[in-house]
Structure formats: structure tokens, C-alpha cells
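Engineer: I would like to see how this sequence folds:
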Amino acid sequence: MILRSLSRSSADVQLLVVSLASLSAFAFAIANPGQGNAHSHDEAVAQPSLADSNPLLSERGLPFQHAFSADHNAQFLEGDSQELNTYPSTYTALLNALEIMENHFFAVSHGTWPQAIDWTAAVMGTQVSATLSAMTSYAQKLESLSPLSTDEARDHENLINRYFTQITSFYFGENAFALRTQAYDDMLWVVLGWLETIKFIKLHSSLHYTSSYDNNATWYATQFIPQYAHRARLFYDLASCGWDTSLCGGGMLWNPYLAPYKNAITNQLYIAASISMYLYFPGDSDPSPFLTHTGLPPAKAHDIRYLDNAVEAYKWLKGSNMRNKYGLYVDGFHITGWQGGKNGSNGTGKCDLRHEKVYTYNQGVILSGLKGLWEATGSRAYLEDGHELVRDVITATGWEDKDTEQRYRWAGLGRGGVMEELCDWSGSCSQNGQTFKGIFYHHLTLFCSPLIRREWNEDGGTLLDDEDSRQLHQKSCDEYGDWVRHNALAAYVTRNQDGEFGQWWGRSARRKRHEDEEDEEFEGPSTQGTDYRNEGVPKDEIWRLPDEDDIMYKSDTDRDFGNAQRSRDDIYGSADEVGLLDINDRGRGRTVETQSGGVAILRALWRLVEARQEEG
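Structural biologist: Take a look at the predicted model:
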């Protein structure tokens, strides 16, 4: 453990291991000739770069793993500057992606990512905490192979603490006051974010601090768990008010300020948050409420009501007819004829007006919920449903066509095996759309993590073994490895000279042109339906409350209005200019949200493919 390493002399170290920080900057610089922090998006965000610091750990001792396979991804390797030997290891690439996300976009003085909106900032915090969990697990594995030197242990711990203190400052920088007045899905991102941080704190403390000879050697960060748990509990309770049985026989409403809309993401988040509260919420004795003078009663850990909520919500979602003929979740349902509820008419009262738009994150969040439901119940049906969905997603990215002439054909959720958002083609993604693919891969990584069967009673927790399910789950997840790697490279080649990831994966930063001779068969996705996640909520009777068409709610501002005002000529430029454009700089360009997608896909590659190959 790192705690023990800090008490040893570095003279005893015989094995040097893979870089944890700035050796990654060295490899990253090789892959990006001429790289430098040429600009900062906000003066408040500018921070010292780890590229200027000394290497933490060297590359000797373990096999150097390249992040990507040229054999499987030849279509993305365009030119001599992207030769295979210029790519860093997957773990190194992941650390660099995280460093750039925090160095370029996080402002310590603000305690947040200033360019993020409220809910995407919650997702950014979740991505950082999940990556810290990957880092601390890897450090524990290296320590088990050979003791880390005092310097190595100290430097690794310093890196962990650097990012964790940013998460701690985000607890105070998060716009909790505004979030509690927003849509129910916004609230539930907050719940998942702080539970993810609690998971990381407990993991890091257990792996590197708690020891048999000193029961008090817990990590200092454990003192923050009660505050994080309290926020998760408050926002879960607020969001739970969205569960409604007066329409559609159940399901979560999306937004209390708009006409009833029961969509996939809010219901999936409610399932994932409910089961996560059952599994990971440590309890809360803080009586501080949001809006009343009456103190809150204590909330216990592993409360069965959280499990019941998750089970009921998934039963409703599965029977809601919210998946299309390709097995993908569409966005949601309106109620035909609804005109004001109690003061008007509920219309049919049924979810019978389906909104057919398909977004990537609607296929992802439910996966972690299904994994948690298996952990709590042992029902293999939850895992089977999850794997069925993953396979449908892979098919919808055109995986079977990746090596054929049909690789530019839109397959429902991408093309050529690469996941795409509907707005990638036009460069019109809002901050919402720019966040979605990263969310999908975060929850896929949670779903495909090793199975641990849990059951709680009054005396505490017990672990139940189910080796058969574990092996079947592992086998299925292993089958997704080539597809994950394919998408990781597609995302990786979108980086600009500053290492920032683009939104349209597979369209290289060096590939300047779009709609040229190479793209004659590059078809755009279907635009049927309202893309309210990127274009804003329409002001019509389907979406709005009666007589409130002119009122602007927070949900109206979660987009870049400038995108909708830009013509196709504005996006692509004149015929003379089109060859000079970086197609990932269209629209909002590269942002903290697109960078979080790079972090998420590299973490998925590392956790689900590379780390498992080492263990094998």
C-alpha cells in the first residue's frame, strides 16, 4: 500500500512501473508534434501543466501497451504523423486526457468548470471521480507487483490529491441552489456524482491507508463523506417527487415546468440513482433541510425503499414501449390530448405519443442501473437485458460495416462502428449533446466491471457468490473489447495540437474537409422529430403548459443558441475555405464536455480491455 511505501527507503525498489503523470506528458508530446498550451479558454482556468514537472514513474518493468491496434483501425491512421509507434500507452493517454480536462477547463477560483452548465458540471465531477478510482486501483496493482519507492508513492498520492481537492472545491462551487429548482434529471446527475465520489474515497482509503497494524490510518478525505452523502440524499428526495402514477401508470416526469413528458433519461437516472443509493449511500444524520424549518430524520444505509424504487421503476420502463425496432431507447412519451391536468384534461392519460429521437446517453445510464439491480437481487435477467442493449447499440453503430464500402452509411447510432450523436454531422451539438457519448461509456464501464453479489440485513452486509453469472458476464463484456478500442482510436484522432478531444469521433483533426470526394457516400442521420436537446424546447402545446408559451425556463437555456443561427455556409465556409477547416471546431468546438468524452472512452478501454489483458 502507498501508506507503507511512504515509510520505506527508495533504495529497496527493484522494479520501476508505468508512468502515472508526466511521463505521460512525454509520450503525449511525441504523439502531438508541436504541442503546447497555446491558449487558455479562461484566464481563471490556466494552471501549471504537469508537462513541466519531473516524471513520477518510469516505463520499465511492465510491457509497454500501445493504446490502439493499427490492424483493426487502419482507416483512422491517416499519414506518417500517426504511425503506431507514436501512440502512448492507454493508461498514459487516459492520464493526459484528464490532465488537459482539468488544466484547460477547471478553475480552482470558481470551484467548477466555468464553461459547463449546471448538470454537465455534475457529470464532469462524476468523470473525474471515476477516473481517480481507476488510478488508485492501478497503483494498488503495481504495489502488489513490487513495492513503490518513497518518491513514487508520494508523487502518485500527490497526483490523486490534486484532482480530489478539485472535486472537494466543486462541492462548494456546484450551483446546488439553482439545481434544486430545475428538471428532475438535472437533480439526479447530482446524486450519481456525489455517490461516485464517495465510492472513490472509500476505495482509495481501503487500498492505500487502512492497514492491519494501524486501524486509524484512514485517508483524510473520509471526513467529507457525510457532506457528500447529505447532498446526494437531499437531491434524491427532491427528484423522487417526479415519480407520477396519474399518467401512464407510473414513470418519472422530466420537467415540472413543462407539459408532462416521461422520457428515457429521467427514468433511467432514477433507476440508477435509486439502486446506487441502496448500494453505496452510507446513511445521513444531518437534519438540515432545504426549504423547511423542520429537521430531517436520519436516513439509514441500504434502505430497502431505494431498492424497491429501482425495481418498480425498471419494471415500468421495460413495459413502456420506449425501445424502437432496433432495440434502442427513443427519447420519451407525451400524452395525447393533455390540457392541464387537474384544471383541464389528462387526454388519454397514456404514454401514447412517442418522441422517436435517439441519443447515445439514453442507451448508457440504464446499464449501471441494471448492474446494480443484479448486485442487489441476484436476478440474471437484469444482466441479460443490459447485454442485449449493448449488442443492439454496437449493431446500430454500423460495426458490421466498418471494413466495407458501407462504412459511411448511417446505421442508427453511428457509422463504421463509431458511435455518433445526431448533431455530430452538422456540428450543431449543444452542451447537452456534447456530453452524451462520455456518459454512455462511463455507464458501460460500470456495467462491465467485475460482478460482486451483495445482500444486506440488520447485521450488515454479506457477499454472495454466483460464479456462473460472473463468467457469463465477463465473457460477454470481453466480446465488446474490439468495438471499445475502435471507438477509442476514433475519439483519439480528433485531438487538436493542444490535446483537446473533438465531438465528431473518427473525423480526425488533420482531416480538414467534409463533403469532399472521399465523403460522397457519407450520409447524414435522419432528422425526423424535434432535437430539443440541441435546439431547445419548442414553444408549442405538446411541450408547454397551457397559456405559458412566452415564459422562458432554465431548460430553454441549456443550448448554444448561436448554433441554430449559423447557416450551412457559415459552418463549412466557402469553397475556397472548406479545405482549411477543422471539422471538430464547428459549432461550439472543443469544450470540457467533449474532453470528458475522451476521458470516458479511454477509461473504458483501460478498465475493460487493457487491464483485463494484463490480468489474463
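
Engineer: what stretches of this structure score poorly on pLDDT?
Structural biologist: Low-confidence segments of the chain (pLDDT under 70): 1-87, 210-216, 291-292, 341-343, 456-465, 508-524, 526-528, 547-581, 612-616.

Engineer: same for the longest helix along it, what does it pack against?
Structural biologist: Counting residues, the longest helix found in the chain (DSSP state H) is helix 118-145. Applying 3 or more C-beta pairs under 8 Å, 6 or more residues apart in numbering; DSSP states H and E, one finds that helix 118-145 contacts helix 2-5, helix 90-105, helix 150-173, helix 176-179, helix 184-208, helix 431-447, helix 592-605. Yep, even glycine has a C-beta here, placed from its N, CA and C like the rest.

Engineer: Can you list the buried residues in the helix or strand hosting Lys315?
Structural biologist: Element membership for Lys315 (DSSP states H and E) is helix 304-318. In terms of neighbour count (16 or more other C-beta atoms under 10 Å), helix 304-318 has its buried residues at 306-307, 309-311, 313-314, 316-317.

Engineer: is it true that Leu234 touches Phe281?
Structural biologist: No - counting by C-beta atoms under 8 Å, Phe281 is not a contact partner of Leu234; they are 11.8 Å apart.

Engineer: List the contacts of the spatially closest residue to Ser345 that is not a sequence neighbour.
Structural biologist: Leaving aside its sequence neighbours, Ser345 sits nearest to Gln339 (C-beta to C-beta, 6 or more residues apart in numbering; 4.5 Å). Counting by C-beta atoms under 8 Å, 6 or more residues apart in numbering, Gln339 touches 345, 347, 546.

Engineer: between those residues, which is nearest Gln115?
Structural biologist: Closest to Gln115 out of those is Pro546 (35.7 Å), distances taken as C-beta to C-beta.

Engineer: leaving aside the residues next to it on the chain, what's closest to that closest one?
Structural biologist: Per C-beta to C-beta, 6+ apart, closest to Pro546 is Gly340, 4.9 Å.

Engineer: Identify the residue nearest the geometric centre of the protein.
Structural biologist: In the chain, the centroid-proximal residue (C-alpha atoms, centre = their mean) is Ile439; its distance is 2.9 Å.

Engineer: My guess is that one contacts Gln363. True?
Structural biologist: No - counting by C-beta under 8 Å, Ile439 stays clear of Gln363, with 9.8 Å between them.

Engineer: quick one: the helix or strand hosting Leu238 to helix 184-208, angle?
Structural biologist: Assessed by DSSP H and E, Leu238 sits inside helix 225-239. For helix 225-239 and helix 184-208, the angle between their directions (axes from the mean of the first three to the mean of the last three C-alpha atoms, to 10 degrees) works out to 160 degrees.

Engineer: what's downstream of helix 225-239, the next helix or strand?
Structural biologist: Going down the chain from helix 225-239, the next helix or strand is strand 262-263, by DSSP H and E.

Engineer: Show residues contacting that following strand.
Structural biologist: Outside strand 262-263, the residues that touch it by C-beta under 8 Å, 6+ apart are 185, 244, 247-248, 251-254, 320, 331-333, 351, 355.

Engineer: Next, format the residues you listed as CSV and append distance to Gln115 and neighbour count.
Structural biologist: Output for these, formatted as CSV (distance: C-beta to C-beta, whole Å; neighbours: other C-beta atoms under 10 Å):
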residue, distance to Gln115, neighbour count
Asp185, 21, 24
Asp244, 34, 15
Leu247, 37, 20
Cys248, 37, 19
Gly251, 33, 26
Met252, 29, 27
Leu253, 29, 23
Trp254, 25, 24
Ser320, 35, 20
Asp331, 26, 22
Gly332, 28, 25
Phe333, 33, 23
Cys351, 36, 23
His355, 29, 19
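
Engineer: Name the member of these with the shortest distance to Glu610.
Structural biologist: Asp185 (32.4 Å).

Engineer: Who are the contact partners of that closest one?
Structural biologist: Counting by C-beta under 8 Å, 6+ apart, Asp185 has contacts 119, 254, 263, 265-266, 269.
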